[in-house]
Every structure is written in C-alpha cells, then in structure tokens.
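Participant: Below: sequence and its predicted model.
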Amino acid sequence: MIRSIMIFTLVAACLGSTAFAQDSGLGLGVFFGEQTGLSLKQWNGSLRAIVGGVAWSFGDRDKLHLHADYLLHNFNVFQIETGILPLYYGLGARVKLEEGKGTTDGDNRVGVRLPVGINYIFENAPIDIFLEIVPVFDLIPNTDFEVKGSIGIRYFFQ
C-alpha cells in the first residue's frame, strides 16, 4: 500500500509541470517515522493549515494513530535560494488505538500534540517535503508524555 502511494506521488510530481507554490490547496502524501502513514494538508490562508494523519506502528501490538493539527507557518525564519522553507508550529490532538493481547484490552489513548517542523516547498513542482518533531501529552486514560518525529512528502492538487 505504502509503495503504491509513493509511486503515485512521485509520478504525479513528475507530471505536474505547472509552477505554483504549495502554500495553498490540498495535499496528500505519506510520512515515515515511529509511525508510518498518510498525511492530508489543507491550507487555510497563506499562513495557516489544517493537517490530518492516519498512521500505524507495528511492535508487540499493532497501533493505529489518528491525528489532526492546526498549524501556523513562518516564512521569514529561513531564507533559501530556491523554493521556500517555512518553520511551522501548532496545536493538535491524537488518538491512539492499540490492539489488545489475549484477553486484555489495548492501550487506547487520547492526547494533545504540539508539532514543530520545517516544510520545504518546491518552486516549480506541486510537492512539499516536511520534517517535524511532535511532543505528545496523553490525557486519557492517564497522563503520559512522549516525543514523536517524522519525515514526509505530499503532492498538492489544484
């Protein structure tokens, strides 16, 4: 599944020859890290975006992660010659559903996310690449803290 999505994303990026910035529109892509999954980004103005993710991680127990973040982008922190490299930060929520082992229930959690990252926006292609670090404060069923990180790519549709 991931391989198919990556191939689609790369082919779409190669075919998308129109020049436009990815600080608008809807983007779909993949991200990799401790969780691997699908990313959806919808710009809401030139500085704000809503990002959602569906991810999974495999270990002793399979885990499904769902998250949604409200992001603010600062385009003035990094100045580069080609493309755009905004710093972004925001606030979001995460739900983790973990498969139980045997007769025990899984470790389901609900928490608050504080994503911080950089987002390279290509000048002449409808794709972006991002790298983020996300502290997560779980609130339900008990409090816990962890730091997640991921790298990803998205294709933007016009």
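Facilitator: Yep, that arrived.
Participant: At which residues are the helices of the chain located?
Facilitator: Remark: helices assigned in the chain by DSSP state H are 2-15.
Participant: Just want the most central residue of it.
Facilitator: Ser39 (4.9 Å; Cα atoms, centre = their mean).
Participant: Please name the bridge partners of that residue.
Facilitator: Ser39 has the following beta-bridge partners by DSSP bridges: Gly29, Gly53.
Participant: so who does it touch?
Facilitator: Counting by Cβ atoms under 8 Å, 6 or more residues apart in numbering, Ser39 touches 27-31, 51-53, 152, 154. Glycine gets a C-beta too; all of them are placed from N, C-alpha and C.
Participant: got it, and Val54?
Facilitator: Contacts of Val54 by Cβ under 8 Å, 6+ apart are 37-38, 64-66.
Participant: Give me the pLDDT value at it.
Facilitator: Note on Val54: pLDDT of 96.
Participant: and if you look at Gly25?
Facilitator: On the pLDDT scale, Gly25 is placed at 86.
Participant: wait, what's in contact with the nearest residue to it once chain neighbours are set aside?
Facilitator: Of all residues not flanking Gly25 in the chain, Phe156 sits nearest, at 4.8 Å (Cβ to Cβ, 6 or more residues apart in numbering). By Cβ under 8 Å, 6+ apart, the contact list for Phe156 reads 22, 25-27, 126-128.
Participant: in the chain, which spans are strands?
Facilitator: 26-33, 36-43, 48-57, 63-74, 87-98, 109-113, 116-121, 127-140, 144-157 (DSSP state E).
Participant: Can you lay out those as TSV showing distance to Glu81?
Facilitator: Listed next are those as TSV, based on distance: least, Cβ to Cβ, whole Å:
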stretch	distance to Glu81
strand 26-33	23
strand 36-43	24
strand 48-57	24
strand 63-74	19
strand 87-98	18
strand 109-113	32
strand 116-121	12
strand 127-140	16
strand 144-157	21
